[in-house]
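Colleague: sequence first, predicted coordinates after that:
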Amino acid sequence: MNLVPLLDYAAVTVFALTGALVASREQLDIVGFAFLACLTGMGGGSLRDILLDRPIFWIADPVYLIVATAAAVTVFFLAHRLESRWETLTWLDAAALSIAVAAGALIAAEDGQPLPVVVVMGMITGCVGGLARDVVSNEVPLLLRPGQLYVTCAFSGALSLALLHTVGVGAVPAAILCCATCFILRAGAIKRGWELPIYKPRPKSDDH
Amino acid sequence: MNLVPLLDYAAVTVFALTGALVASREQLDIVGFAFLACLTGMGGGSLRDILLDRPIFWIADPVYLIVATAAAVTVFFLAHRLESRWETLTWLDAAALSIAVAAGALIAAEDGQPLPVVVVMGMITGCVGGLARDVVSNEVPLLLRPGQLYVTCAFSGALSLALLHTVGVGAVPAAILCCATCFILRAGAIKRGWELPIYKPRPKSDDH
Amino acid sequence: MNLVPLLDYAAVTVFALTGALVASREQLDIVGFAFLACLTGMGGGSLRDILLDRPIFWIADPVYLIVATAAAVTVFFLAHRLESRWETLTWLDAAALSIAVAAGALIAAEDGQPLPVVVVMGMITGCVGGLARDVVSNEVPLLLRPGQLYVTCAFSGALSLALLHTVGVGAVPAAILCCATCFILRAGAIKRGWELPIYKPRPKSDDH
């Protein structure tokens, strides 16, 4: 069985759950839940497929739409049982990011793209769904919040898969290492406050 | 004569009017009016065509650009005569949504797409132009405002067309029923406050 | 040597600098700088290539990614030496806009597109990268701020190139005139406050 659809299903499902959780914060109705779940779940992979000129994955196989909608319905009826929606959202998003980065980078690598394109496709697949979710619902995008290490995690995961693929490592171990790299860094940022040095010095005449 | 271009022309024109009305609220100059009119009028159909890998409709036939620009110029000179821009905007948007949903769903259906893809293409064609208009002009997207039933109307219209097409109803009656379903639901939401139950229960520790 | 890649390289580099400057205002880490630099530098050209169904320029030649990232790293280490980031950002953005409009319009013209499509492709290539930068970083888009003449500059530059191309002027002089038209108008707006009449009259019952 091919690994890529498996990763895509997992990423769509988990990202869809995060989209539905944001919908619950916005107090939308059930169709609004499904809308944000599909946008979050399928946004990154759709852009990846558009850029690589591949058939859009959820048009080729509409079961993805049903999976994302089922995730939205589940959250609609069960979200009130969560102790902390924000914490659940953060951790689900971290898991979805890790899986989606692997899916995107793997597809580009198997497509024969050069290393920088493989890295960027991993980052796009991982980051764009959550970015669309946050922009549409008027939240500060998670990937721009300070101290989240968000894009860095996606970059590191995608880079590790690209390097492993270049030296001939198989798809399964490369994808697992990519997921692990991305998730461990993200978990460190969430739990331990890991971060890269941020840009600090400000000119005095920052006149705006 | 083919029905799809007719629907596309109607949807582009009416959505362009709403984009220009938002431009008048933002006090833009006439080129800004044309920009928001084109973005709103052509955004949804463009994404539909990109996803279905069809030629982009306004590149194949640039008359759409001229129509949207003409709508923008008209609003620039006549908007001050409106009694209530907001009410006009809401009703024009409801009409444009209904027509665009029919155009998008019909194209996907005639393209031989499976039912869930037909529904989603109707929703994308209907919702994305207005969404881009609202995100770019920093308004809360109409489709996320509570009590608007916005996405639900698009969904119901698209679903009705998809089902009618599946059972062999012709394009014209299917499109009319789709428009009517979408518009009546939207009108009910605007005038009568129709809505679906929204998500209510909040956990106590909603720590953000 | 072909003119289009030259223009694309120049536009990507300068837009990437503006993206990195916005990242410095948002106090992101170095990967965040690279992300915003790539989004700003490559956003407009990517949409142009998607719409015209051409290979995406930075996938066909990943050196663009390296150039944009190098621009981001440069800004990360040198931005604190600027006297006014906002003024630097404005002028770099004006330069990038002018070059990108020429690149986009020229590609569409050489692709044999009709005049309105040539104009719109110039505007999209010029405006979308900066628009994405501003929407993602939650700033009011530069192109919607009053008194910036932003879209008008892009329109005028693209229109001049389209007209010159139609009457048979060569690519190099047409591109130079396009850049000059766009930049001079933009400079006039920034330094002298040039503007078009904006929409003024408001209805009394603007009930929202």
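Modeller: Perfect, thanks for sending it.

Colleague: confirm for me that A:His4 is in contact with A:Leu106.
Modeller: To be clear, residue A:4 is Val; His isn't right here. Yes - A:Val4 lies in contact with A:Leu106 (Cβ atoms under 8 Å); the separation is 5.8 Å. In short, each C-beta sits where N, CA and C put it, glycine included.

Colleague: only the buried residues of the lengthiest helix in chain A, if you could.
Modeller: Secondary structure of chain A per DSSP state H: the longest helix is helix A:85-110. Buried residues in helix A:85-110, counted by 16 or more other Cβ atoms under 10 Å in any protein chain shown: A:85, A:88-109.

Colleague: how much space between the residue of chain A found nearest chain B and chain C?
Modeller: Nearest to chain B in chain A, going by Cβ to the nearest Cβ, is A:His80, at a distance of 3.3 Å. Distance, A:His80 to chain C, by Cβ to the nearest Cβ, to the nearest Å: 30 Å.

Colleague: same deal with A:Ile99?
Modeller: Taken as Cβ to the nearest Cβ, the span from A:Ile99 to chain C is 20 Å.

Colleague: next: A:Thr13.
Modeller: Distance from A:Thr13 to chain C, counting by Cβ to the nearest Cβ: 26 Å.

Colleague: what do you get for A:Ser84?
Modeller: Distance from A:Ser84 to chain C, by Cβ to the nearest Cβ: 25 Å.

Colleague: quick check: phi and psi at that residue.
Modeller: Note on A:Ser84: its backbone torsions stand at phi -140, psi 110 [degrees, to the nearest 10].

Colleague: list the contacts of the residue lying closest to A:Pro116 once chain neighbours are set aside.
Modeller: Sequence neighbours aside, C:Pro62 is the residue nearest to A:Pro116 in space, at 4.1 Å (criterion: Cβ to Cβ, 6 or more residues apart in numbering or on different chains). Applying Cβ atoms under 8 Å, 6 or more residues apart in numbering or on different chains to C:Pro62 gives the contacts A:114-117.

Colleague: tell me the pLDDT at C:Pro62?
Modeller: pLDDT recorded at C:Pro62 is 94.

Colleague: and for A:Asp49?
Modeller: 95.

Colleague: quick one: contacts for it?
Modeller: A:55-57 are the contacts of A:Asp49 under Cβ under 8 Å, 6+ apart.

Colleague: and with 6 Å instead?
Modeller: Taking Cβ atoms under 6 Å, 6 or more residues apart in numbering or on different chains, we find A:Asp49 in contact with A:56-57.

Colleague: how near is the residue of chain A closest to chain B to B:Gly147?
Modeller: Per Cβ to Cβ, to the nearest Å, A:His80 is found 20 Å from B:Gly147.

Colleague: and A:Leu51, by the same measure?
Modeller: According to Cβ to Cβ, A:Leu51 and B:Gly147 sit 37 Å apart.

Colleague: of these two, who's got more company?
Modeller: Counted by other Cβ atoms under 10 Å in any protein chain shown, A:Leu51 and B:Gly147 do not tie: A:Leu51 has more neighbours, with 20 against 13.

Colleague: what pLDDT does the nearest residue to the more buried one once chain neighbours are set aside get?
Modeller: Excluding the flanking residues, the one nearest A:Leu51 by Cβ to Cβ, 6+ apart is C:Ile56, at 5.3 Å. At C:Ile56, the model reports a pLDDT of 95.

Colleague: do the same with A:Asn138
Modeller: With respect to pLDDT, A:Asn138 scores 78.

Colleague: how many neighbours does it have?
Modeller: A:Asn138 has 15 nearby residues by other Cβ under 10 Å.

Colleague: wait, a helix at it?
Modeller: No - counting by DSSP: H, G, I helix; E, B strand; the rest coil, A:Asn138 is not found in a helix; it is coil.

Colleague: distance of it relative to A:Val22?
Modeller: Noted for A:Asn138: a distance of 10 Å to A:Val22, by Cβ to Cβ.

Colleague: check A:Ile190 too.
Modeller: 17 Å.

Colleague: before we move on, the earlier item: distance of the residue of chain A closest to chain B relative to B:Cys153?
Modeller: 27 Å.

Colleague: show me where chain A has helices.
Modeller: A:3-25, A:30-51, A:57-60, A:63-78, A:85-110, A:115-136, A:150-166, A:171-187.

Colleague: could you see whether chain B lies near the shortest one?
Modeller: Spelled out, that is helix A:57-60. Yes - using Cβ under 6 Å from any Cβ of the partner chain, we find that helix A:57-60 touches chain B at A:Ile59.

Colleague: chain center to that helix: distance?
Modeller: Distance of helix A:57-60 from the chain centroid (Cα atoms, centre = their mean, to the nearest Å) equals 18 Å.

Colleague: and the second one, by the same measure?
Modeller: Between the centre of helix A:30-51 and the centre of its host chain there is 11 Å, according to Cα atoms, centre = their mean.

Colleague: and the fourth one, by the same measure?
Modeller: Relative to the mean C-alpha coordinate of its chain, helix A:63-78 is positioned 17 Å out (Cα atoms, centre = their mean).

Colleague: quick check: angle from it to helix A:85-110?
Modeller: 170 degrees (axes from the mean of the first three to the mean of the last three Cα atoms, to 10 degrees).

Colleague: how about helix A:63-78 as PDB, C-alpha atoms only?
Modeller: Presented in PDB, the C-alpha positions along helix A:63-78 are these (Å, rounded to 0.1, in the frame of the first residue of the first chain):
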ATOM      1  CA  VAL A  63     -13.600  10.300   0.600                       C
ATOM      2  CA  TYR A  64     -11.400  13.000   2.100                       C
ATOM      3  CA  LEU A  65     -14.300  15.400   2.100                       C
ATOM      4  CA  ILE A  66     -16.400  12.900   4.000                       C
ATOM      5  CA  VAL A  67     -13.700  12.200   6.500                       C
ATOM      6  CA  ALA A  68     -13.200  15.900   7.200                       C
ATOM      7  CA  THR A  69     -16.900  16.500   7.500                       C
ATOM      8  CA  ALA A  70     -17.200  13.500   9.900                       C
ATOM      9  CA  ALA A  71     -14.500  15.100  12.000                       C
ATOM     10  CA  ALA A  72     -16.400  18.300  12.100                       C
ATOM     11  CA  VAL A  73     -19.700  16.600  13.200                       C
ATOM     12  CA  THR A  74     -17.800  14.700  15.900                       C
ATOM     13  CA  VAL A  75     -16.400  18.000  17.300                       C
ATOM     14  CA  PHE A  76     -19.700  19.700  17.100                       C
ATOM     15  CA  PHE A  77     -21.300  17.200  19.400                       C
ATOM     16  CA  LEU A  78     -18.300  16.400  21.700                       C
END
